[in-house]
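Undergrad: 3D, please:
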Amino acid sequence: MSHPSHDAAAVTATHYEIRFQSLYDSGRGLSFPCDAQGRVGEEHLSERARLAYRRAQSLVGREYATPAVQLSDLH
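TA: As a prediction, this is how the structure comes out:
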């Protein structure tokens with residue numbers, strides 16, 4: 001008898017992203033892939049994404065809200 005918890009086909013990976021929401025435009029923000037604790041693997045980002053991530057970090061409280069970790073619908 002097979003149990004779904006042991007069935008490899010039943011296991012789905014969970015993906016997270018860290019989102020920096022614009023303080024001035026609710027429809028804008030930046031998102032980056034991360035783990036469940038919000039750690040971004042910068043070594044996996046393109047140079048452009050890495051620069052955008054660092055810029056967003058430096059502008060928290062001025063241009064972006066405190067970032068939030070959320071489930072990602074992008075795989």
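Undergrad: How about E17, nearest residue that isn't a chain neighbour?
TA: The shortest distance from E17 to any non-neighbouring residue, by Cβ to Cβ, 6 or more residues apart in numbering, is to S72 (4.1 Å). Every C-beta, even on glycine, is put in place using the N, C-alpha and C of the backbone.
Undergrad: Please report how far the one you found lies from Q21.
TA: 15 Å (Cβ to Cβ, to the nearest Å).
Undergrad: what's the answer for P33, then?
TA: From P33 to Q21 the distance is 17 Å (Cβ to Cβ).
Undergrad: could you list every residue that touches the residue positioned nearest the centre of the chain?
TA: Centroid-nearest residue in the chain: E17, 1.4 Å away (criterion: Cα atoms, centre = their mean). For E17, the contact set (Cβ atoms under 8 Å, 6 or more residues apart in numbering) comprises S31, F32, P33, C34, V69, Q70, L71, S72, L74.
Undergrad: which of the residues you listed count as buried?
TA: S31, F32, P33, C34, S72 (16 or more other Cβ atoms under 10 Å).
Undergrad: Generate CSV for those, with secondary structure, pLDDT and distance to E43 as supplementary columns.
TA: Compiled in CSV, the buried ones among the contacts of E17 are given as follows (DSSP: H, G, I helix; E, B strand; the rest coil; pLDDT from 0 to 100; distance: Cβ to Cβ, whole Å):
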residue, secondary structure, pLDDT, distance to E43
S31, strand, 97, 18
F32, strand, 98, 13
P33, strand, 97, 12
C34, strand, 97, 13
S72, coil, 91, 19
